[in-house]
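Engineer: Predicted coordinates and the sequence they were generated for:
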Amino acid sequence: MASTLARILMNLTVYPFLILWTVGTIAVFPAAFFIWKATTRWPTDRIVRLFIWIYGRGWIVMLAPFVRFHRKGFEAVKPLQPMILVVNHSSFFDTYCMALLPFYNVSFAIRSWPFRMYWYAPFMRMANYLDVEGLGWERASRRAREILDRGGNVLFFPEGHRSRNGRLGRFYSGAFLLAMETKRPVLPLVLSGTDVLLPPGRLALRPTRIRLEALSPLDPVLFSGPGAHIELKKAAKNAIAHRLRELRPEP
Amino acid sequence: MRDSEIVEKINSALAEEFELDPASMVPEATLFEDLELDSLDLVDMVIVLEQTFGFKIREEEEIRSIRTLGDIHAFVIKKTHQVLQSP
């Protein structure tokens, strides 16, 4: 009974608050952006990534009465060293959960469809998010290298789409080719609980626990030969799959 | 090695690498639409086939015209016979 009430209350409050928070953030953004830009002289993409991260933190606060968030394993991560982040993908809200990261300077390498959300698209473009599908790999990887060279991190969902069955899907190679080309470390991230919060095909949210855990970074220098990126991909996938199995049994 | 053994070896290597459903691995399956591979997967596919069969194919012009799993079978079978016949 209590859990049903919590679920009803969650759905009655979170979605309206999310709309208000989104509209409010968009309204405040131009003034905040110009003040920040004038004060810090940061590049545009870095400022917008910071604001997106703050927007995500607001979403986390909104969900906090119904969802317990937990972050683990970032103590050993050096935030000043640009990295390629790879994370499993179960829910539309996985991107919002990236506000759990202890650093904000992250560009998302994603497919084309999120750029069709017209209320988010201008910010995604200003933040230099990578439309890997639309740009093609050559252009996307060139821009990713530029982001890494300027101190940003690049995040991939290597499964390419949300899991439809709760299992970790096969990994595409882009993130790992980029790691081999740039010699930047790959940081595998394990996100659990969002498959309960909002799995694909559902609209109603459910209370849950969400956990974002950083595993040991993988150094591409340790992989060699023509199939090095494939081995790196397997190592990242095995690490994420192993941790997910520990956190939740296979469905 | 018989042609059927080569086909089996190809399918087994690709199924393992790309986590393909064996039922979907019919010769007429297109790589992009039916097997949902992307352009980077084709790079991986060449590496996997080279490692599986022990010969180089990345410079072969014929690879560019491959569209279906059946094309891969035919290409690797032809290449295997060439390698076996070469002195």
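Structural biologist: Good, I have the coordinates. As the structure is a prediction and not an experimental result, all values here were calculated from the model.

Engineer: How about the residues of the stretch 101-250 of chain A by chain B?
Structural biologist: Counting by CB under 8 Å from any CB of the partner chain, the stretch 101-250 of chain A comes close to chain B at A:136, A:137, A:169, A:170, A:172, A:173, A:174, A:177, A:226, A:227, A:229, A:230. All C-beta atoms are positioned from the backbone trio N, CA, C, and that covers glycine.

Engineer: For residue 17, which residues are in contact?
Structural biologist: As the question left the chain open, I've gone with chain A. Each residue near residue A:17 by CB atoms under 8 Å, 6 or more residues apart in numbering or on different chains is listed here: residue A:62.

Engineer: wrong one, I was asking about chain B
Structural biologist: Contacts of residue B:17 (CB under 8 Å, 6+ apart): A:230, B:44, B:45, B:48.

Engineer: Also residue A:128?
Structural biologist: By CB under 8 Å, 6+ apart, the contact list for residue A:128 reads A:45, A:107, A:143, A:147, A:152.

Engineer: Please name the nearest non-neighbouring residue to residue A:210.
Structural biologist: Distance criterion CB to CB, 6 or more residues apart in numbering or on different chains; nearest residue to residue A:210, sequence neighbours excluded, is residue A:193 at 3.8 Å.

Engineer: Please look at the one you found and residue A:209 and confirm they touch.
Structural biologist: Yes - using CB atoms under 8 Å, residue A:193 makes contact with residue A:209 at a distance of 5.1 Å.

Engineer: Tell me who's in contact with the residue minimising distance to the centre of chain B.
Structural biologist: Centroid-nearest residue in chain B, with CA atoms, centre = their mean: residue B:72, separated by 4.0 Å. Shown in contact with residue B:72 (CB under 8 Å, 6+ apart): B:10, B:14, B:45, B:49, B:66.

Engineer: Next, the first one: secondary structure please.
Structural biologist: Which is residue B:10. Assigned with DSSP: H, G, I helix; E, B strand; the rest coil, residue B:10 falls in the helix class.

Engineer: same question, the third one
Structural biologist: For residue B:45, the secondary-structure state derived from three-state DSSP is helix.

Engineer: for the closest residue to it other than its chain neighbours, helix, strand, or coil?
Structural biologist: Distances taken as CB to CB, 6+ apart place residue B:14 nearest to residue B:45, at 6.7 Å, with adjacent residues excluded. Secondary structure state of residue B:14, per three-state DSSP, is helix.

Engineer: what two of the contacts of residue B:17 are the furthest from one another?
Structural biologist: Using CB to CB, the contacts of residue B:17 span at most 10.4 Å, a distance reached by A:230 and B:45.

Engineer: For chain B, which residue gets nearest to chain A?
Structural biologist: Closest residue of chain B to chain A, CB to the nearest CB: residue B:19 (3.9 Å).

Engineer: Contact partners for that residue?
Structural biologist: A:169, A:170.

Engineer: I'd like to know how many residues surround residue A:108.
Structural biologist: If you count neighbours by other CB atoms under 10 Å in any protein chain shown, residue A:108 ends up with 22.

Engineer: same thing with the one 5 residues further on?
Structural biologist: Around residue A:113 sit 11 other residues, with neighbours defined as other CB under 10 Å.

Engineer: Local confidence estimate at it?
Structural biologist: At residue A:113, the pLDDT value in this model is 91.

Engineer: so how far is residue A:15 from it?
Structural biologist: Residue A:113 sits 21 Å away from residue A:15, going by CB to CB, to the nearest Å.

Engineer: Can you say which of the contacts of residue A:128 are buried?
Structural biologist: Applying 16 or more other CB atoms under 10 Å in any protein chain shown to the contacts of residue A:128, the neighbour count classes A:45, A:107, A:143, A:147, A:152 as buried.

Engineer: so the last one touches residue A:83, yeah?
Structural biologist: No - with contacts counted by CB under 8 Å, residue A:152 stays clear of residue A:83, the gap being 9.7 Å.

Engineer: re the thing from before, so which of the buried ones among the contacts of residue A:128 belong to helices?
Structural biologist: Members of the buried ones among the contacts of residue A:128 lying in helices (criterion: DSSP state H): A:45, A:143, A:147.

Engineer: Pull the contacting residues for the first one.
Structural biologist: Spelled out, it's residue A:45. Applying CB under 8 Å, 6+ apart, we find residue A:45 in contact with A:107, A:126, A:127, A:128, A:147, A:152.

Engineer: please redo it, this time with the cut-off set to 6 Å
Structural biologist: Counting by CB atoms under 6 Å, 6 or more residues apart in numbering or on different chains, residue A:45 makes contact with A:127, A:128.

Engineer: Could you do the last one as well?
Structural biologist: Going by CB under 6 Å, 6+ apart, residue A:147 touches A:107, A:154.

Engineer: Per-residue pLDDT of residue 77, please?
Structural biologist: Using chain A. pLDDT for residue A:77: 81.

Engineer: my question was about chain B
Structural biologist: pLDDT for residue B:77: 95.
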